[in-house]
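Q: Build me a model:
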Amino acid sequence: AAVNNRSLVRMAGGTLSTSQSTITTILEDVELSQFRELQILCGPVVAAGSYGGSAAGPAVTVTPSPTATLLRDSYAEVTLYKEADKQSVMAGEPLTYTFTLTNQGNQAADSVTLTDQLPTGFSVTQVSVSAGGATTVLAPGDYTVAADNTITIPSTTGKAITVPAATVAAPGIATVAITGTVAGVTP
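A: Below you'll find the predicted structure:
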C-alpha cells in the first residue's frame, strides 16, 4: 500500500474475499494516524474462478460505487513535564517553573486545568500560557493560589488551557510558566 496525495492506493493481485479480513489486510501496513477520515471505495466486484464457455449479456455496473467511511476515534492524550529554571535560589531571587503539556492525540485538549503544590515561601508574580505561537499573561483573577500554596489554573472564572492536537509532523504543545520569588526555599 502507498499513500499518494492523501489517498491510499493498494494494488492487489489474486483473489480478495469480501470478509472483514480483506480490509485488515489492505490497511495493515498503513499508518492510519495520518488520516482524519479514511474512505474505502469498493470498485466493481468480479467473481473469481474458472468458467467454461462464453458470457453473454450486458455488463452489470453498480452506480454509485459502494463506499464505506471509517472515522478514527477522536482523542486527546496529554502528558505533563515540570522543570525549574534554577537548581537553587537565594531569598528574594526570581524562580520560574515551566510546565510543558504535550498532546499526542488527534484532538485538542480543551478545558485543561493545571493544579500544582508550590513550595512554601514561593510567591507568584506572573503566570503565562503559550500555545500555537501565542503567549497570554494571565491576570491574578485568572488563577488561584490557596492558603497551602496550591496554584490552580484557571480559576473558576479564568480561561481554560487548551493543548493543540498533534499533527503528522509534531505533537501539540502548550506551556505554562509560573514565575515568582522565594523566601529562602530551594526547589
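
Q: burial measure for residue 138, as a count.
A: The number of residues packed near residue 138 is 19, by other Cβ atoms under 10 Å. C-beta here means a position set from N, CA and C on the backbone, and glycine is covered the same way.

Q: Residue 180 now?
A: 20.

Q: same deal with the one 3 residues further on?
A: When neighbours are defined as other Cβ under 10 Å, residue 183 has 11 of them.

Q: Flag the shaky bits of the protein, pLDDT-wise.
A: 1-72, 184-187 (pLDDT under 70).

Q: repeat that for 80
A: Applying pLDDT under 80 to the chain flags the ranges 1-73, 184-187.

Q: in this protein, which spans are strands?
A: 2-4, 7-9, 37-41, 67-71, 78-84, 94-103, 109-112, 114-117, 123-131, 134-137, 144-145, 150-153, 161-163, 172-181 (DSSP state E).

Q: I'd say residue 79 and residue 101 touch.
A: Yes - using Cβ atoms under 8 Å, residue 79 makes contact with residue 101 at a distance of 7.4 Å.

Q: These two: which is more packed in?
A: Just comparing residue 79 and residue 101: by other Cβ under 10 Å the higher neighbour count belongs to residue 101, 23 against 11.

Q: is the more buried one in a bridge, and if so with what?
A: residue 80, residue 174 (DSSP bridges).

Q: Would you mind confirming that it is in contact with residue 177?
A: No - look at residue 101 against residue 177 with Cβ under 8 Å: they stay out of range, at 11.9 Å.

Q: If you tally nearby residues, what's the number for residue 89?
A: Neighbour tally, residue 89, other Cβ under 10 Å: 18.

Q: Residue 174 now?
A: The number of residues near residue 174, taken as other Cβ under 10 Å, comes to 22.

Q: Over to residue 107?
A: Residue 107: 17 neighbours (other Cβ under 10 Å).

Q: what's it in contact with, if anything?
A: Shown in contact with residue 107 (Cβ atoms under 8 Å, 6 or more residues apart in numbering): 74-76, 165.

Q: out of those residues, who's nearest residue 152?
A: Checking these against residue 152 by Cβ to Cβ gives residue 76 as the nearest, at 19.9 Å.

Q: For that closest one, give me its contacts.
A: 103, 105, 107-110, 163, 165.

Q: repeat that for 7 Å
A: 103, 105, 107-109, 163 (Cβ atoms under 7 Å, 6 or more residues apart in numbering).

Q: thinking again about what came up before, of the contacts of residue 107, buried ones?
A: 76, 165 (16 or more other Cβ atoms under 10 Å).

Q: Quick one: the contacts of residue 107 as TSV, columns for distance to residue 133 too.
A: As requested, the contacts of residue 107 are exported to TSV (distance: Cβ to Cβ, whole Å):
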residue	distance to residue 133
74	23
75	24
76	20
165	15
